[in-house]
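Undergrad: okay, sequence plus prediction incoming.
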Amino acid sequence: MRIDKYLWCVRYYKTRNMVTEACKKNHITVNGLVAKPSKEVFPTDKITFRKDQITQIITVLDIPENRVGAKLVDIYRRNDTPAEAYQHLELLKLSKEHYRKNGTGRPTKKDRRDIDEFGNEIKDDENTD
């Protein structure tokens with residue numbers, strides 16, 4: 001099965017066109033080699049691609065006949081993405097909560113204290129590791 005059709009069938013992308021664009025931009029690799037949209041995938045192939053600011057690593061277990069339901073996706077692939085990648089995504093979500101819109105002016109004294117406190121928490125977490 002083609003890589004674009006496979007990633008669409010296992011619900012990583014909404015449309016095959018989105019997969020094709022990602023392939024053309026060299027964002028998808030199969031077994032370490034950059035893949036074109038027409039690249040054939042087989043069981044035991046490792047597919048690596050970046051989506052939603054996470055580098056996803058999946059292993060092909062089986063080839064579906066057509067697009068499968070969300071509950072059946074685990075039959076056809078194994079997710080080998082490290083847990084640290086998902087933790088990094090959570091950290092990005094937290095940092096966006098502290099984002100200030102343009103034109104709101106300088107941070108107030110309270111805002112500055114909150115920003116400094118948040119930065120100190122991150123440094124403390126890094127030092128305890």
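TA: Structure received. Note that the coordinates shown come from a computational prediction; the quantities given were computed from them, not determined experimentally.

Undergrad: quick check: phi and psi at Ile57.
TA: phi -130, psi 120 (degrees, to the nearest 10).

Undergrad: thought it was touching Arg77?
TA: No - shown here, Ile57 and Arg77 do not form a contact pair, counting by CB atoms under 8 Å, at 10.5 Å. Using the backbone N, CA and C atoms, a C-beta is placed for each residue, glycine as well.

Undergrad: who has more neighbours out of these two?
TA: Arg77 (20 against 16; other CB atoms under 10 Å).

Undergrad: beta partners of that one?
TA: Per DSSP bridges, the residues bridged to Arg77 are Val60.

Undergrad: surely it meets Val10?
TA: Yes - using CB under 8 Å, Arg77 is in contact with Val10, at 5.2 Å.

Undergrad: pick out the residue nearest the middle of this protein.
TA: Ile54 (2.8 Å; CA atoms, centre = their mean).

Undergrad: what sits closest to Thr40 if chain neighbours are left out?
TA: To be clear, residue 40 is Glu; Thr isn't right here. Arg2 (6.5 Å; CB to CB, 6 or more residues apart in numbering).

Undergrad: thanks a lot, see you next time.
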